[in-house]
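In: Below is the sequence, then the predicted model.
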Amino acid sequence: MFVDGPQRWDIIQGAIGNCWFVSALASICGYPKLVERIIPDSQTFYKDYCDFGSSANGKEEFWSSIIEKAYAKFYGCYENLHGGRPSSGLLDLTGGISEWYQVKALPPNFHTRLLKYRNSNCILSCGIMGAANAVAEEKID
């Protein structure tokens with residue numbers, strides 16, 4: 001299921017508009033014990049179990065697809081994962097406290113708080129919002 005442990009580059013976004021969840025999942029990769037709490041080593045999966053989802057670099061790692069599948073099941077279906085904030089994904093994945101800020105409305109002490117969070121080993125993630133009427137992604141051949 002893992003090749004050299006969970007790494008953020010193991011995860012790629014597929015066709016689902018869940019970049020917020022992919023960002024949250026990538027953010028927890030620096031915390032292997034947390035990933036192990038989500039998928040315990042004692043849990044057995046077989047390669048054929050997870051013949052779906054996206055695998056980065058052609059690796060035979062499917063841990064991120066298993067978590068994504070469980071998360072979609074929790075929310076009813078994959079379609080329900082379209083659109084969200086990384087903070088929501090981190091809240092669900094960790095059970096911890098989550099905060100989010102808009103760049104347009106940062107509190108005066110934001111950078112001090114950010115440094116404090118980083119030094120306290122907090123999990124940090126970020127994202128950007130596209131324009132409402134803009135084309136979000138375009139496939140380039």
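Out: Yes, it's here.

In: Verify the stated contact: residue 83 with residue 17.
Out: Yes. Using Cβ atoms under 8 Å, residue 83 is in contact with residue 17, at 6.0 Å. The way it works is simple: take the backbone N, C-alpha and C, and place the C-beta from them, glycine included.

In: more crowded one of those two?
Out: Neighbour totals were compared for residue 83 and residue 17, and residue 17 leads with 16 against 10 (other Cβ atoms under 10 Å).

In: show me what contacts the residue lying farthest from the centre of the chain?
Out: Farthest-out residue of the chain from its mean C-alpha position, per Cα atoms, centre = their mean: residue 108, at 28.2 Å. If you count contacts by Cβ atoms under 8 Å, 6 or more residues apart in numbering, residue 108 has none.

In: Please report phi then psi for it.
Out: phi -60, psi -30 (degrees, to the nearest 10).

In: if I look at it, how far off is residue 101?
Out: To residue 101, residue 108 is 12 Å away according to Cβ to Cβ, to the nearest Å.

In: Just the terminal-to-terminal distance for stretch 69-82.
Out: End-to-end distance for stretch 69-82: 14 Å, by Cα to Cα, to the nearest Å.
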